[in-house]
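Chemist: Sharing a sequence plus its predicted fold:
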Amino acid sequence: MTVREIIEALETVAPLLLQESYDNSGWQVADTSDTVRGVLICLDVTEEVVHEAIAGDFNLIISHHPLLFEGIKSLTGATEVERSLLLAVKHKISIYAAHTNLDNAPNGVNDRIASLIGLRETTFLRSEGVSDGIAYGSGKVGLLEHEEEEESFLLRIKALFHTGCIKHTAFTGRKIRKVALCGGSGAFLIPDALSCKADVYLTADLKYHNYFTAENKILLADFGHYESEQFTKELICDIIRKKRSTFAVQLTKVNTNPINYL
């Protein structure tokens, strides 16, 4: 089985046509005709992850975040991105990223987060339309089975996602039942969370001025970029094992979260 066939199986769930215009999902480096020996799955491609693939004889790395997000003008090993690319090429390791195409897909990243939290009756927070017969969109919104106090809800999220801290707006004094969410950087969906009258909006990478937009109408909570998307590794693994189960698939043992907490 070739590395191309593995990715074709993944793209039946998350086709590239679902990615955002700014994104660079897809092949980062590849000889797509190589016979696959094993697949290593990660959130971010770092030198340490590539070395892990070399040591384990994995010749395909599938990441969530693209290694190549901005263009590079030289390949000298001056940055970690360049060194990771050089290592991958030297050892004939293909790299593929399933980023916003997997975020926007039905049963994608945000569905996994919603399932972990225990949401029911989920829909896209922002429906983007239908492409090739696939309805897709950004974020998710759904209902908890039972109302929860704001503080206890956030503490549950903190424990569930192993988050060092959760930044949030002032408590509104209302209980949580309707939850809106978006894994990764989701400030762009704050208006949608307000429009659907969610009690809380969970996302990451909120900026200072984003918090002012809550105006006591909603609880905004930032539970970390890596933390919110960490279970994407399991999601990719599940998709591949369901489609192609005859070779080694392993989740990286490397914690690639660049943020630490005191």
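Modeler: Sure, I can see it.
Chemist: Mind listing residues that contact stretch 23-34?
Modeler: 2-4, 7, 16, 19, 45, 59-60, 63, 66-69, 85, 88-89, 92-102 (C-beta atoms under 8 Å, 6 or more residues apart in numbering). Placement of C-beta: from N, CA and C, glycine included.
Chemist: Just the buried residues of that stretch, please?
Modeler: Judged by neighbour count (16 or more other C-beta atoms under 10 Å), stretch 23-34 contains these buried residues: 23-30.
Chemist: now swap in stretch 219-234 and tell me
Modeler: Neighbour-count burial for stretch 219-234 flags 219-233 (criterion: 16+ other C-beta under 10 Å).
Chemist: Could you tell me which of these belong to helices?
Modeler: 225-229, 232-233 (DSSP state H).
Chemist: Which of these sits closest to residue 55?
Modeler: residue 233 (18.2 Å; C-beta to C-beta).
Chemist: so that closest one touches residue 64, yeah?
Modeler: Yes - using C-beta atoms under 8 Å, residue 233 is in contact with residue 64, at 7.4 Å.
Chemist: Could you name every residue contacting both of these two?
Modeler: 42-43.
Chemist: Nearest spatial neighbour of residue 5, chain-adjacent residues omitted?
Modeler: Nearest residue to residue 5 in three dimensions, chain neighbours excluded: residue 244, at 7.3 Å (C-beta to C-beta, 6 or more residues apart in numbering).
Chemist: who touches that neighbour in this structure?
Modeler: 1, 5-6, 9.
Chemist: Could you rerun that using 7 Å?
Modeler: 1, 6, 9 (C-beta atoms under 7 Å, 6 or more residues apart in numbering).
Chemist: Same question for residue 211.
Modeler: Contacts of residue 211 by C-beta under 7 Å, 6+ apart are 169, 220.
Chemist: Look up how far residue 196 lies from it.
Modeler: 19 Å (C-beta to C-beta, to the nearest Å).
Chemist: Check residue 102 too.
Modeler: 23 Å.
Chemist: of those two, who's got more company?
Modeler: Higher neighbour count among residue 102 and residue 196: residue 102, with 27 against 16, using other C-beta atoms under 10 Å.
Chemist: what's near enough to touch the more buried one?
Modeler: Contacts of residue 102 (C-beta under 7 Å, 6+ apart): 14, 64, 108-109, 232.
Chemist: Work out for me the element the residue nearest to residue 186 when sequence neighbours are not counted sits within.
Modeler: Closest residue in space to residue 186, ignoring its immediate chain neighbours: residue 203 at 3.2 Å, by C-beta to C-beta, 6+ apart. For residue 203, the enclosing helix or strand under DSSP states H and E is strand 200-204.
Chemist: and residue 170, how many neighbours?
Modeler: 11.
Chemist: residues near the residue nearest to it when sequence neighbours are not counted, how many?
Modeler: Among residues not flanking residue 170 along the chain, residue 216 sits closest, at 7.1 Å (C-beta to C-beta, 6+ apart). A total of 11 residues lie near residue 216 under the criterion other C-beta under 10 Å.
Chemist: Just the element for residue 216, please.
Modeler: Applying DSSP H and E, one finds residue 216 in no helix or strand.
Chemist: Quick check: phi and psi on it?
Modeler: phi 60, psi 10 (degrees, to the nearest 10).
Chemist: quick one: residue 62 and residue 223, what's the gap?
Modeler: Counting by C-beta to C-beta, the gap from residue 62 to residue 223 is 24 Å.
Chemist: Isn't residue 187 up against residue 210?
Modeler: Yes - contact criterion C-beta atoms under 7 Å: residue 187 and residue 210 qualify, at 5.0 Å.
Chemist: What segments of the stretch 1-150 of the chain are helices?
Modeler: 3-11, 47-56, 80-90, 100-104, 109-117, 150-160 (DSSP state H, counting those that start in this stretch).
Chemist: ok, and for the second one, which residues are buried?
Modeler: By neighbour count on 16+ other C-beta under 10 Å, the buried set for helix 47-56 is 48-50, 52-54.
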